[in-house]
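J.: I would like to see how this sequence folds:
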Amino acid sequence: MVGARLAILAGGISSRMKKPAEPDVKVDKSLVEDANFKAKSMIGVGEGGRPFLDYLLYNAKQAGYADILIVIGEKDDSIRGYYGKEDRDNDFYGLRISYAVQRIPQGKGKPIGTADALFQGLNSRRDWRGTKFTVCNSDNLYSVNALKLMTEHDHKNAMIDYDRDALEFERSRIERFAVTSKDDDGFLVDILEKPSASQIESMKGKNGFVGVSMNIFEFQYDMIYPFLEKVPFDPVRNEKELPAAVKMMVDAHPKSIFAYPLSEHVPDLTSKSDIPPVKEYLEEHFANLTF
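T.: Below you'll find the predicted structure:
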């Protein structure tokens, strides 16, 4: 099947989603059950209980992707149970879906981060070696435009650099997002997690633009792979994070990731309190989806 390649990271344990919603947020009982027992991306926030991941796959198909790798958790079978249990050549509305299970290392109680998830995923798709692929989260709904940008460029690697002021979240939440630093030519220099107010101010670009990463990149398989393998554990979170591997790569290969600025909202399904606004967004933008 001809088409772009997309890796979707869905192997986390969703610890924040398991917590109760804010006291003033009302969530349907059935969706609370989904949130407690399924992967975040499988919560039935869409029309007729359609899972969130359907909408990301729909946008991916519209953007020209065909070969989809979903990295799933070893303790959750909700994704494979819905889309089909075959590990290869599982056709879902014209998408070839394969799976990689993010195994939990011995002595650890949970998956060890997004860099490890992608590393394990790429190990399952050695046929992608020598090619480019896009990677993104399963709990964010990236637009067709954003997904297309990751395939329609001439750079070695790329990322979407979201305008911080266009994201429709509360300010305290936005302030926790990773901020990007670029050189004068638009290439990524640094990704700073949980920046201070002074650090954010120093990273402002032209016209006051502050770019943040929502974890959507396009990589050359052979360029990112060694950094996924050797990225260290974060000293606070005790996980191997994808932004840390990206930082290692741009340090070793300057001007290797072009940052495309984009001003639009990205629906996010991190906690139960996100369920009502995500439902509202889907009702407004995806009425009568036939996918």
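
J.: Am I right that residue 22 is in contact with residue 276?
T.: No: between residue 22 and residue 276 there is no contact under Cβ atoms under 8 Å: 10.4 Å. C-beta here means a position set from N, CA and C on the backbone, and glycine is covered the same way.

J.: Of those two, give the one with the bigger neighbour count.
T.: Looking at residue 22 and residue 276 with other Cβ atoms under 10 Å, you find the greater number of neighbours at residue 276, namely 16 against 11.

J.: contacts for the helix or strand encompassing that one?
T.: Assigned by DSSP states H and E, residue 276 belongs to helix 275-285. By Cβ atoms under 8 Å, 6 or more residues apart in numbering, the residues outside helix 275-285 that reach it are 21, 25-28, 31, 35, 43, 45-47, 52, 55, 141, 267-269.

J.: Pull out the buried residues from that helix.
T.: Neighbour counts over helix 275-285 (16 or more other Cβ atoms under 10 Å) mark 275, 276, 277, 278, 279, 281, 282 as buried.

J.: Phi first, then psi, for the residue nearest in space to the middle of the chain.
T.: Central residue of the chain (Cα atoms, centre = their mean): residue 137, 1.6 Å from the mean position. Backbone geometry at residue 137, expressed as degrees, to the nearest 10, gives phi -80, psi 160.

J.: Any idea how many residues pack against residue 168?
T.: Using other Cβ under 10 Å, the number of residues around residue 168 comes to 12.

J.: could you give the mean pLDDT of the helix holding residue 276?
T.: Averaged across helix 275-285, the pLDDT comes to 95.

J.: Could you do stretch 229-249 as well?
T.: The predicted confidence, averaged over stretch 229-249, sits at 93.

J.: who's in contact with it?
T.: By Cβ under 8 Å, 6+ apart, the residues outside stretch 229-249 that reach it are 111-119, 135, 157, 159, 178, 188, 190-191, 193, 213, 215, 217, 223-224, 227-228, 256-257.

J.: Just checking, which helix or strand of the chain averages the lowest pLDDT?
T.: strand 90-92 (a mean of 75; mean pLDDT, DSSP states H and E).
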